[in-house]
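Q: Let's see this in three dimensions:
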Amino acid sequence: MNQQNSKYLMLIRPRSFSSNEETLDSNGFQNQFEEKSSLSLIRAAVDSEFTNMISVLSDQKIDHVVFEDIEDLGSPDAIFPNNWVTFHDDGTVVLYPLMSLKRRKERRHDIIVSLASFGFSVDKIIDISNLENAEHYLEGTGSMILDRGNKKAYACLSPRTTSEALTTFSEAMDYEIIKFSSTTEIPIYHTNVMMSLGEDTALVCFDVIKETELSLKLRSDLTQSGRTVIDLSVHQMNNFLGNALEVQNNKDEKLLLMSKAAHDSLTSEQLAKLSERLRVIYFSIPTIEKYGGGSVRCMLAEIFLKKDK
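A: I've put the predicted structure just below:
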């Protein structure tokens, strides 16, 4: 069975961070810069939040690689690499179609090549980004929550997660697709803000799944898998509690990574249930969340590629 929790993470240090105007209409979690806001001050705050996150990852013995954004590319969302690439344990790398023109610059083959210098093996690249030409989009593990062991992909449909692109992924990677709609006024742009799936835990905002039958089936599937299922309120979802990621450090400890805002929204009962299975680690990233419209999980691309010892 494929491993669900990654032992290696990839991050991109941003150089051109800003509130991407091309994604504002589809991302209900994102805010525009206020007129009085200083871009240089905001970028300094983002750099500080990112640097602190890297420090915490190191302190927690979580193996990671950091690549530098290329400032000349002008990629405002480069800090969120999980949208353009996924890495799989059979040596496959998948590149995805992105809705925003500015975000398409984030797909960097030099990064994939560079992973070899860290001992990772890439055997095959599947590039489905040409779906952009037909306006079909699928933004990696933002759009899909992958159950790698059971080869299932859960997806909330939105302008940035289309049925046609899901079918292409399914055929290329032999995954079963479970797709649903959201009840929110603005469709939930990425599934990973309302759902997180780890080896031991599942955090889901069932209240925003439009199809009752699918919601019940999802709950049943997750419960039967032996995971601790945490029901999220819409308030908690809006504080990015669904945007968490369960990982494994180099001491084989299971950790659940989330932002401070997400952590602060947990009830004491929820935290106690989670703490029975793993340790919860949080990062303070308010500037990234406010203007980027994404949180901790969006910043982490899991590397499941085989690695030389």
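Q: G119 contacts L305, correct?
A: No - using CB atoms under 8 Å, G119 makes no contact with L305, being 9.2 Å away. To be clear about C-beta, it is placed using only N, CA and C from the backbone, and glycine gets the same treatment.
Q: who has more neighbours, those two?
A: A direct count of neighbours by other CB atoms under 10 Å for G119 and L305 places L305 higher, at 22 against 12.
Q: Grab the longest helix from the protein for me.
A: helix 39-59 (DSSP state H).
Q: quick check: mean pLDDT across it?
A: Averaging pLDDT along helix 39-59 yields 93.
Q: so what does it touch, helix or strand wise?
A: strand 8-13, strand 63-68, strand 279-283, helix 286-292 (3 or more CB pairs under 8 Å, 6 or more residues apart in numbering; DSSP states H and E).
Q: Columns distance to V113, mean neighbour count and mean pLDDT on top of the ones you listed, output as JSON lines?
A: Below are the helices and strands packed on helix 39-59 laid out as JSON lines (distance: least, CB to CB, whole Å; neighbours: other CB atoms under 10 Å; pLDDT from 0 to 100):
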{"stretch": "strand 8-13", "distance to V113": "13", "mean neighbour count": "21", "mean pLDDT": "97"}
{"stretch": "strand 63-68", "distance to V113": "11", "mean neighbour count": "15", "mean pLDDT": "96"}
{"stretch": "strand 279-283", "distance to V113": "29", "mean neighbour count": "18", "mean pLDDT": "97"}
{"stretch": "helix 286-292", "distance to V113": "27", "mean neighbour count": "21", "mean pLDDT": "90"}
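Q: looking at those, which is closest to D123?
A: With respect to D123, and counting by CB to CB, the nearest of the helices and strands packed on helix 39-59 is strand 8-13 at 16.6 Å.
Q: Name the strands paired with that closest one and say parallel or antiparallel.
A: Within its sheet, and counting by DSSP bridges, strand 8-13 is paired with strand 63-68 (parallel), strand 301-302 (antiparallel).
Q: Turn these into JSON lines, columns for distance to R219.
A: Shown next, in JSON lines, are these (distance: least, CB to CB, whole Å):
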{"stretch": "strand 63-68", "distance to R219": "33"}
{"stretch": "strand 301-302", "distance to R219": "25"}
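Q: Looking at these, which is nearest to V208?
A: The closest of these to V208 is strand 301-302. By CB to CB, the value is 24.4 Å.
Q: Check the gap between V46 and P76 for me.
A: 11 Å (CB to CB, to the nearest Å).
Q: Overlap of the contact sets of the two?
A: By CB atoms under 8 Å, 6 or more residues apart in numbering, V46 and P76 have these common neighbours: F17.
Q: on that earlier part again, how about the longest helix of the chain: buried residues?
A: Judged by neighbour count (16 or more other CB atoms under 10 Å), helix 39-59 contains these buried residues: I42, R43, A45, V46, E49, F50, M53, L57.
Q: For the first one, give its distance to K290.
A: Between I42 and K290 the computed distance is 9 Å (CB to CB).
Q: now swap in the fifth one and tell me
A: When CB to CB is the yardstick, E49 and K290 sit 11 Å from each other.
Q: in the stretch 101-250 of the chain, which spans are helices?
A: Counting by DSSP state H, counting those that start in this stretch, the stretch 101-250 of the chain has helices at residues 109-114, 140-143, 163-173, 212-224, 234-238.
Q: And the fourth one, what does it pack against?
A: Put plainly, it is helix 212-224. strand 176-180, strand 201-204, strand 228-231.
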